[in-house]
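>>> Sequence first, predicted model second:
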Amino acid sequence: MNPYLLIIIPLIGALLAALWPYKKSRPYFLPAVGLAHTALCFRLLAKPPAVDPVAWLAFDPLASAILPGVSLLFLICGCYAVSFLRLKEQDNRVFVPALLLVLGLLSAGHQARHLGILWIATEAVTLACVPLIHFSGTPKSFEATWKYLLVGGTGIALSLLGSICLGYASLHGGGSGDITFAALLEHGPNLSRVWVLTAWVLLLVGYGTKMGLAPMHTWKPDAYGESPGIVGALLAGGVTSVAFVALLRIKSVVDAAGEGVVASRTLLAIGLFSTLVAALFLLRTRDFKRMLAYSSVEHMGILCIATSFGGAGVWAALFHVWNNGLTKGALFLSAGNLQRAANSSSIDNVRGMSKVLPRTSILFVVGMFAITACPPFGPFFSELLIVRTGLGAGHGWAIGLFLLCLLLAFFGISRIVFAVVDGRPRLYKSNPALRKESAGLILPPLILLAASLWLGLFTPDILRDAWSAAVLQLSPMP
Amino acid sequence: MNDTLNLLIGLAMGFNLLALGTSRLPVLIRAVAIQGVLLGLLPLVLEAHALDWHLVLITLATVAGKGVLIPFMLTRAMRAAGIARELEPFIGYIPSLLLGAAGTIAAVAVTRYLPLLPEHAGNLHVPGAMALILTGFILLIGRTKAISQVCGYLVLENGIYLAGLLLIGSTPILVEFGILLDVTVGIFVIGIIVDRIQRAFDSLDTRKLTALHE
């Protein structure tokens, strides 16, 4: 019963929020539902429920390794949203329910143990994000939404085609066409190889589009750049992680079918390519929110690289999902503060923010050091682990390229961040109310950064155990 | 059964070529709609030995969605925007036709080398799905008007639906329904967006969506 509550609570919250008649108090649904969700999530993490192997939805080890992090991110973003929506004149009758809907569907996607359910949850999340991305209602946000829908829709279509191919692989191998992951794993060696590989390519492209792996990342800078910071934080930390969980589950099936080497190789290639593309674009972009999008592409690449190293690499990848989600969340929220105050997100128009928004600027700079893997923040430790695993597995050249990309990304990100923070501020025409740094706008990114630091320095044993259990679930053989 | 199946899928593949070759949006929308209806009837042919109300319901929903609801929305969006022709496609009509025809031939040729179950080998089911998916991509990439791109996406969806029918005997009915619902909702939302884009830009030309770049 409890795992279903994770999905039902946000959905009921969304319904109530949609019916709630008062604009001013409606945003409080976000932290309230977020708190209930997080509490339940961590309770389930502490006391893992027994998993019915044939269940379509379950809080299994893999879900428990990632979903609590997404839930925590949502809770903190929800607290931020209360202060953020107070500054906005637009009606939030669609925005608040859509956010809650996204939370419910993300919970379903993380827990899905059936290929079809997984696909429906991912598609529904894609659609639920549409009103979030064009919240600001500007022509540019329409353009971003159109690209998001067209590219994302095509990706979703391909992942459905991949799911069908995987079903056919089972049918052709003498199975019943049952597409629960448990059945596919059990049927593993009998699956038809040609169809499994076709399915892997299609699913990698499909869910890779959702994750934002290069070259399917083209929607990402537009969508992240034009949507509010809080939406960017949830897209980068929640929606991408659903797609990553999907790829992890699918890869375990491909492993079971005996094509694991091919899958690892393609993951390594696409991961390195994403990291490289992101690093090169980071050197070029002049917009600090698009910068965060390219940084997200980079980190999705890192997840794929880590996963391709197998066992210990997957553990490091799960660790990195938490670090990336929380740190990127802090950056998106502080970037949102900067953008509102300056009414622009281009470094051609925004400078000297350390004089206008001193606290936010500090958070932004510290966040930059955290996301570029400077010690002692979480990303440093997970990336160090990835490098060590890669060297141990004999991927010296890949690690060399990976470190080069990290260095280039550091140059690109620090260039933009200091251009925004340093210098003499311009005269901003925006409403002076938008230049106030209330506690509601500063504390959430601060808490996220603190969480990232805490994860790095004192990774709790309960999370370590959850990640180990997830690795064990994905590759049962020692 | 194979004769009816081949007839329906063959006709649907013919409408691919019509969709690729026309510059008139009403023709394009109608071609995609008729293609959708032809494919929507397939479950009845495939499972003729085990007809039940599930199957009839799925058929009705598919035909209503692909053949009536979506074309109606697209026609409305087209009238609202006041355009009836796609004048400057990225890939011209003759090249698209040639590409589509070559793709169809390649799909039929490749199918011979795929490991298929006996009931799926020797008919147009798998090559038809591949040809539709390919045509969808040509339309998605080669056209510039938002409505033509949505039609391309629909042809792609039709192809995937046809591929999904390979599993109709084995996949739980619930999932199929969810898939159906999702696809419809997806197009619905795309339709709304088209509406909004048109209000913001006064034309459905996606080439004008170029403010966002590096």
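Thanks, I have the structure now.
>>> center of chain B - which residue?
With distances taken as C-alpha atoms, centre = their mean, B:V155 lies nearest the centre of chain B, 1.8 Å away.
>>> Distance of that residue relative to B:L20?
B:V155 is 9 Å from B:L20, where distance means C-beta to C-beta, to the nearest Å. Where you see a C-beta, it was placed from the backbone N, CA and C, and this is true even at glycine.
>>> Residue 15 - how many residues pack around it?
Picked chain A for this. Using other C-beta atoms under 10 Å in any protein chain shown, A:L15 has 13 other residues around it.
>>> Correction: the question concerned chain B.
Counted with other C-beta under 10 Å, B:F15 comes out at 22.
>>> Could you list the contact residues of the stretch 251-400 of chain A toward chain B?
Proximity of the stretch 251-400 of chain A to chain B, by C-beta under 8 Å from any C-beta of the partner chain, involves residues A:281, A:284-285, A:290.
>>> Quick check: the residue of chain B nearest chain A.
Nearest to chain A in chain B, going by C-beta to the nearest C-beta, is B:S170, at a distance of 2.8 Å.
>>> Apart from its neighbours in sequence, what residue is nearest that residue?
Leaving aside its chain neighbours, B:S170 sits nearest to A:G177 (2.8 Å; criterion: C-beta to C-beta, 6 or more residues apart in numbering or on different chains).
>>> does the one you found count as helix, strand or coil?
Classification of A:G177 using DSSP: H, G, I helix; E, B strand; the rest coil returns coil.
>>> so what pLDDT did it get?
A:G177 carries a pLDDT value of 74.
>>> can you check B:L98 too?
At B:L98, pLDDT is 93.
>>> can you check A:F288 too?
If you check A:F288, the pLDDT there is 92.
>>> My guess is it contacts A:V417. True?
Yes: the pair A:F288 / A:V417 is scored as a contact, 7.2 Å apart, by C-beta atoms under 8 Å.
>>> Compare the two and say which one has the larger neighbour count.
Higher neighbour count among A:F288 and A:V417: A:F288, with 28 against 24, using other C-beta under 10 Å.
>>> mind listing what that one touches?
Counting by C-beta atoms under 8 Å, 6 or more residues apart in numbering or on different chains, A:F288 makes contact with A:335, A:338-339, A:345-347, A:350, A:416-417, A:420.
>>> Show the buried residues in these.
A:335, A:338-339, A:345-347, A:350, A:416-417, A:420 (16 or more other C-beta atoms under 10 Å in any protein chain shown).
>>> Redo the residues you listed as a markdown table? Include pLDDT.
As requested, the buried ones among the contacts of A:F288 are exported to a markdown table (pLDDT from 0 to 100):
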| residue | pLDDT |
| --- | --- |
| A:A335 | 94 |
| A:L338 | 90 |
| A:Q339 | 90 |
| A:S345 | 87 |
| A:S346 | 88 |
| A:I347 | 86 |
| A:V350 | 87 |
| A:I416 | 93 |
| A:V417 | 93 |
| A:V420 | 91 |
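>>> returning to what we had before: could you pull out the residues contacting both of B:V155 and B:L20?
Jointly contacting B:V155 and B:L20 under the rule C-beta under 8 Å, 6+ apart are B:135, B:139.
>>> mind listing what the closest residue to chain B within the stretch 201-350 of chain A touches?
With C-beta to the nearest C-beta, the shortest gap between the stretch 201-350 of chain A and chain B falls at A:D222, namely 4.6 Å. The neighbourhood of A:D222, defined by C-beta under 8 Å, 6+ apart, consists of A:143-144, A:147-148, B:212.
>>> of those residues, the lowest pLDDT goes to which?
Among the contacts of A:D222, B:L212 has the weakest pLDDT, 73.
>>> what's the closest non-adjacent residue to that one?
Residue nearest to B:L212 in three dimensions, not counting chain neighbours: A:D222, with 4.6 Å by C-beta to C-beta, 6+ apart.
>>> and if you look at B:T75?
What sits nearest to B:T75 in space, not counting adjacent residues and going by C-beta to C-beta, 6+ apart, is B:I29, at 6.0 Å.
>>> on that earlier part again, the residues of the stretch 251-400 of chain A next to chain B: which two are farthest apart?
The largest separation in these, counting by C-beta to C-beta, is between A:R284 and A:R290 at 10.0 Å.
>>> Would you mind listing the residues touching both of the two?
Listed as contacting both A:R284 and A:R290 by C-beta under 8 Å, 6+ apart are B:E214.
>>> And the residue of the stretch 51-200 of chain A that's closest to chain B?
At 2.8 Å from chain B, A:G177 is the closest residue in the stretch 51-200 of chain A, using C-beta to the nearest C-beta.
>>> does the one helix or strand A:S170 maps to come close to chain B?
Following DSSP states H and E, one finds A:S170 within helix A:139-172. Yes: Helix A:139-172 reaches chain B (C-beta under 8 Å from any C-beta) through A:139-140, A:142-147, A:149-150, A:153-154, A:156-157, A:160-161, A:164-165, A:167-168, A:171-172.
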